[in-house]
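Enquirer: sequence unavailable; structure follows:
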């Protein structure tokens, strides 16, 4: 599992790699109960054993995003539903600084549904 996660990040071109690795650190440092996993061939993060969020890239636009598993329950103007029934995403511009406060705000809001 750990090898797949490392390979996923390593195989991303810059600036995606740096952005995704930065997002990974923000997520893992957000709460000690968040654990990294490899599910559905992508980096997934669980909270108290339940799928919480994940990192992925919109291939066409080459934009990384944070997917919130229970996003439909989170009312935040920065989250996008698109055609997803359950999840919402936060698209990150890999050429700019990661919006740290925005990411933390969304993670905190999403955690309410797991407590």
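Expert: In hand now; what should we look at? Just so it is clear, the model here is predicted, and its values are computed rather than measured. Numbers count the residues shown, from 1 in each chain.
Enquirer: from here on, just use CA atoms for contacts and neighbour counts.
Expert: Noted.
Enquirer: run through the bridge partners of the residue nearest to residue 44 when sequence neighbours are not counted.
Expert: Once flanking residues are discounted, residue 44 sits nearest to residue 54: 4.3 Å by C-alpha to C-alpha, 6 or more residues apart in numbering. Beta-bridge pairing for residue 54 (DSSP bridges): residue 44, residue 67.
Enquirer: again, but for the one 4 residues further on
Expert: Beta-bridge partners for residue 58, by DSSP bridges, are residue 63.
Enquirer: isn't it right up against residue 66?
Expert: No. Contact criterion C-alpha atoms under 8 Å: residue 58 and residue 66 do not qualify, at 10.6 Å.
Enquirer: which of the two has more neighbours?
Expert: residue 66 (23 against 10; other C-alpha atoms under 10 Å).
Enquirer: which residues does that one contact?
Expert: 53, 54, 55, 56, 89, 90, 91, 92 (C-alpha atoms under 8 Å, 6 or more residues apart in numbering).
Enquirer: how far away is the fifth one from residue 25?
Expert: So that's residue 89. 18 Å (C-alpha to C-alpha, to the nearest Å).
Enquirer: of the two, which one has the most company?
Expert: Neighbours per residue (other C-alpha under 10 Å) separate residue 89 from residue 25, with residue 89 holding more: 22 against 10.
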